[in-house]
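> what follows is a predicted structure for the sequence shown.
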Amino acid sequence: MLRTESLLQRLGEIGKSLERKGGALLLLGVGSVGVETERLDEYSDLDFFVIVKPGEKNRYIDRLDWLEDVHPLAYSFKNSDVGCKVLFEDGIFGEYAVFEEWELANATYTEGRVIWKDPMYANIAIAKPSNPVPSLKVDSLDFPLNEALTNLYVGLGRYARGERLSATRFVQGYAVDRILSVLHLLEQEVDYFPDPFGNERRLERRYPRFAEIIGDMIQGYDHVPESALRILNFIEEVYPVNRRLSDEIRRLANLTCRVDTQTESTH
């Protein structure tokens, strides 16, 4: 059986187990096993919500017999107050959360797909959230790109001080994240399952031109200055960067590059 078929079959079996155990009202598949099954592949996980009757929540979070009855578990980890991450013995990985109906009234989540429901439960509209997920995209270049520039400056200063991990995060993490938030203003986005919780998801399909150059912006722990210069060059191509600030970023990057080169030559 194909991995994708196994994932969908496992989800169906979980629904049957909930029915046998009692106390559950609804099983929703979310993500690639939800309404976006077109992107389901051999690397997908099982992500799902279980809606339960009042008083049944802890039973389904703390006792995993309803999953063990479907297939033996090799690993489980309570990663939040409302759910767990699990690994079945056959390699299927899953993450689930358990809610009472009222908890979803003001919750932020993406639309789910009804896998199973109690025959007496009528509120399948709960599969669609009443509150939209706040957008991670920004409609102006000004704040994100200026923030990215200051991330470069601060990060390079920390790199020069020897704080390389912090520098890596500022330059290759925070600054890049700021660019991703306005990438839709700089390149035509391909409509391929955007994730409202992460601009980096499926970037390679959604922004193929940017995907060709992002590797030069994230060169790793030992190449923060080189990464910063590539990010600066990109921002300068799309935005009027303050000349004094760009000169300072280049000065710091070139200074730290020279220090690295001298250090390597002494070893």
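That came through, no problem.
> the residue nearest to Phe49 when sequence neighbours are not counted in helix, strand or coil?
Among residues not flanking Phe49 along the chain, Leu28 sits closest, at 4.3 Å (CB to CB, 6 or more residues apart in numbering). Where C-beta positions appear, they are placed from N, C-alpha and C, glycine not excepted. What DSSP: H, G, I helix; E, B strand; the rest coil gives for Leu28 is strand.
> residues in contact with the closest residue to Val190 other than its chain neighbours?
Distances taken as CB to CB, 6+ apart place Arg206 nearest to Val190, at 5.1 Å, with adjacent residues excluded. Residues near Arg206 by CB atoms under 8 Å, 6 or more residues apart in numbering: 189-192, 194.
> repeat the analysis, applying 10 Å as the threshold.
Going by CB atoms under 10 Å, 6 or more residues apart in numbering, Arg206 touches 183-184, 187-195, 199-200.
> my guess is the residue nearest to Phe49 contacts Leu18, does it?
No - look at Leu28 against Leu18 with CB atoms under 10 Å: they stay out of range, at 11.4 Å.
> more neighbours, the two?
Using other CB atoms under 10 Å as the criterion, Leu28 and Leu18 rank with Leu28 on top: 28 against 25.
> beta-bridge partners for that one, please?
With DSSP bridges applied, Leu28 shows beta-bridge pairing to Phe49, Val114.
> and it, what is it in contact with?
11, 34-35, 47-51, 96-97, 99, 104, 109, 111-117, 124, 126-127 are the contacts of Leu28 under CB under 10 Å, 6+ apart.
> now do the helices in the protein.
Along the chain, counting by DSSP state H, helices occupy 3-21, 57-62, 65-68, 142-161, 164-168, 176-180, 183-186, 203-206, 208-211, 214-217, 224-238, 243-265.
> show the contacting residues for the residue lying closest to Ile61 once chain neighbours are set aside.
Using CB to CB, 6+ apart and skipping the chain neighbours, the partner closest in space to Ile61 is Val98 (5.2 Å). By CB under 10 Å, 6+ apart, Val98 lies in contact with 24, 48-52, 56-62, 81-84.
> if we go to 7 Å?
50, 52, 57, 60-61, 82-83 (CB atoms under 7 Å, 6 or more residues apart in numbering).
> I figured Val82 hits Ala97, correct?
Yes - with contact defined as CB atoms under 7 Å, Val82 counts as touching Ala97 (4.5 Å).
> who's more crowded, these two?
Ala97 (22 against 16).
> what's the pLDDT at Pro129?
Turning to Pro129, the model gives it a pLDDT of 88.
> number of residues surrounding the spatially closest residue to it that is not a sequence neighbour?
Distances taken as CB to CB, 6+ apart place Tyr109 nearest to Pro129, at 5.1 Å, with adjacent residues excluded. Tyr109 has 18 neighbours, counted by other CB under 10 Å.
> chain neighbours aside, what residue packs nearest to Ala127?
Excluding the flanking residues, the one nearest Ala127 by CB to CB, 6+ apart is Gly112, at 4.6 Å.
> measure that neighbour to Leu186 for me?
Using CB to CB, to the nearest Å, we find Gly112 at a distance of 32 Å from Leu186.
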